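> here is my input, please return the structure:
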Amino acid sequence: MKSLSYAISMAAEKHKVYIAMIFIQFVYAGMALFSKVAVSKGMNPFVFVVYRQAFAFLALAPFAFFFESSKEVPLSYTLLIKIFFISLFGITLSLNLYYVAINYTSATFAAATTTAIPAITFVMAVLLRMESISIKHLHGVAKVLGSVASLSGAVVYALIKGPPLKFMNWFPENLDHQIHPKSSCRGEWIKGSLIMLSANTAWSLWLILQGPIVKEYPAKLRLTALQCFFSCMQSAFWTIAIERRPSAWKIGWDIHLLAVVYCGVIVTGITYWLQVWAIQKKGPVFTAMFTPLALIITAIFSAILWKEAIYWGSIGGGVLLVAGLYSVLWGKKKEDQKSKENDQKQENKEEVLIV
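Here you go, the predicted model:
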């Protein structure tokens, strides 16, 4: 018995990065599921964002204080204004659009379109001249084709359904209407799909802007906590301006509270730490490769719990999304390897010249 437990512990230690990444994808799937339930059961999506970001700030602030108190990083007014606007056009805009969109679509669609974020980020980086395209090399072609495939997959998923899978007839009809009251209308679904893609575009912009701002303010935890705080305040002002009913702000011991605490504390707090740790161990490409797992988990739980139908068109769109994701990741990995090889050759040449 001891030998068996020892073998299990050794296997867990050896594969702990993989276990962590699988856990992260379950957490992300839970985010889409809980968010869909909370918004579908009447919670104002803008109020949801305010509470979520408040819990996220409260979860991150202690860690930022204790773990980065030794980092003496100056925070000027100019830098503070930059962080404010990055939060506004990144986190605040993206999250508010996301929670509006999920009310018109489904948790599975939200998880599916997330896999298009690397492709959208690449396209935006090219447009902003922060990334180059080299179609003379295979890795450049892979990134371009992967981006096209991902964006095409998102469009196919949104617009083409086709016949449903037959095994989805196991569940009662009324449950699906309770969870998806608005997404049953095709016009509302298309509107929600466009809003969701806009949310992913805003998130991609936020990812691109993180690079320059982290160089100016390398205290990552404090930076994230600051952005959560600004996002909470910005969302609160926006929500107060458009939602005048005090009852919309009431939150009890129900699924609404569970959802905002889960998304704010578990997703932003714990998962942030795990993802940073996994990136340090295996790199960003490794962590991004697990993204489609959240889509699969979300689709399975949505089908079991809510009788969310899975259509052949959705499967085709999902396949294009995942294939495009891996194509972009492969091209990026090969490009980074070639860049390192070129740097190494340059260093060797310099050493020879010195000798």
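> how about residue 121: what's its closest non-neighbour residue?
Counting by CB to CB, 6 or more residues apart in numbering, residue 204 is the residue found nearest to residue 121 once chain neighbours are left out, at 4.1 Å. All C-beta atoms are positioned from the backbone trio N, CA, C, and that covers glycine.
> pLDDT weak spots in the stretch 1-150 of the chain?
Low-confidence regions of the stretch 1-150 of the chain, defined here as pLDDT under 70, cover residues 1-14, 132.
> residues of stretch 36-53 that come out buried?
By neighbour count on 16 or more other CB atoms under 10 Å, the buried set for stretch 36-53 is 36-40, 43-53.
> with stretch 91-109 instead?
Buried residues in stretch 91-109, defined by neighbour count with 16+ other CB under 10 Å: 91-109.
> state the distance from residue 304 to residue 315.
Applying CB to CB, to the nearest Å, the value for residue 304 to residue 315 is 17 Å.
> more neighbours, the two?
It is residue 315, of residue 304 and residue 315, that has more neighbours when counted by other CB atoms under 10 Å, with 15 against 11.
> and that one, that one's in a helix?
Yes. Note on residue 315: a helix contains this position according to DSSP: H, G, I helix; E, B strand; the rest coil.
> how far away is it from residue 161?
For residue 315, the distance to residue 161 equals 10 Å [CB to CB].
> quick one: contacts for the spatially most central residue of the chain?
Against the mean C-alpha coordinate of the chain, by CA atoms, centre = their mean, the closest residue is residue 114 at 5.7 Å. Contacts of residue 114 were listed using CB atoms under 8 Å, 6 or more residues apart in numbering, and they are 28, 200, 291, 294-295.
> show the buried residues in those residues.
With burial judged by 16+ other CB under 10 Å, the buried subset of the contacts of residue 114 is 28, 200, 291, 294-295.
> could you redo those as CSV and give each row distance to residue 133 and secondary structure?
As requested, these are exported to CSV (distance: CB to CB, whole Å; DSSP: H, G, I helix; E, B strand; the rest coil):
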residue, distance to residue 133, secondary structure
28, 30, helix
200, 21, helix
291, 23, helix
294, 29, helix
295, 27, helix
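> which one of the residues you listed sits closest to residue 57?
Taking CB to CB as the measure, residue 57 lies nearest residue 28 of the buried ones among the contacts of residue 114, at 20.0 Å.
> please tell me how far the closest one sits from residue 305.
Using CB to CB, one obtains 17 Å as the distance from residue 28 to residue 305.
> neighbours around residue 24, how many?
Counted with other CB under 10 Å, the burial measure for residue 24 works out to 22 neighbours.
> does it lie in a helix or a strand, and which?
Counting by DSSP states H and E, the secondary-structure element that holds residue 24 is helix 16-40.
> quick one: buried residues of that helix?
17, 20-21, 24-40.
> next one: that helix to chain centre, how far?
Per CA atoms, centre = their mean, to the nearest Å, the displacement of helix 16-40 from the mean C-alpha position of its chain is 10 Å.
> and that helix, what does it pack onto?
For helix 16-40, the contact count by 3 or more CB pairs under 8 Å, 6 or more residues apart in numbering; DSSP states H and E identifies helix 45-67, helix 93-101, helix 107-114, helix 173-179, helix 255-261, helix 271-282, helix 284-288, helix 291-306 as packing neighbours.
> show residues contacting the fifth one.
Among residues not part of helix 255-261, those counted as contacts by CB under 8 Å, 6+ apart are 34-35, 37-38, 41, 43, 48, 51-52, 55, 251.
> and it, how far out from the chain middle?
Here helix 255-261 shows a centroid-to-chain-centroid distance of 19 Å under the convention CA atoms, centre = their mean.
> which of the buried ones among the contacts of residue 114 has the weakest pLDDT?
Per-residue confidence over these reaches its minimum at residue 291, where pLDDT is 77.
> roughly how far does that one sit from residue 16?
According to CB to CB, residue 291 stands 19 Å off from residue 16.
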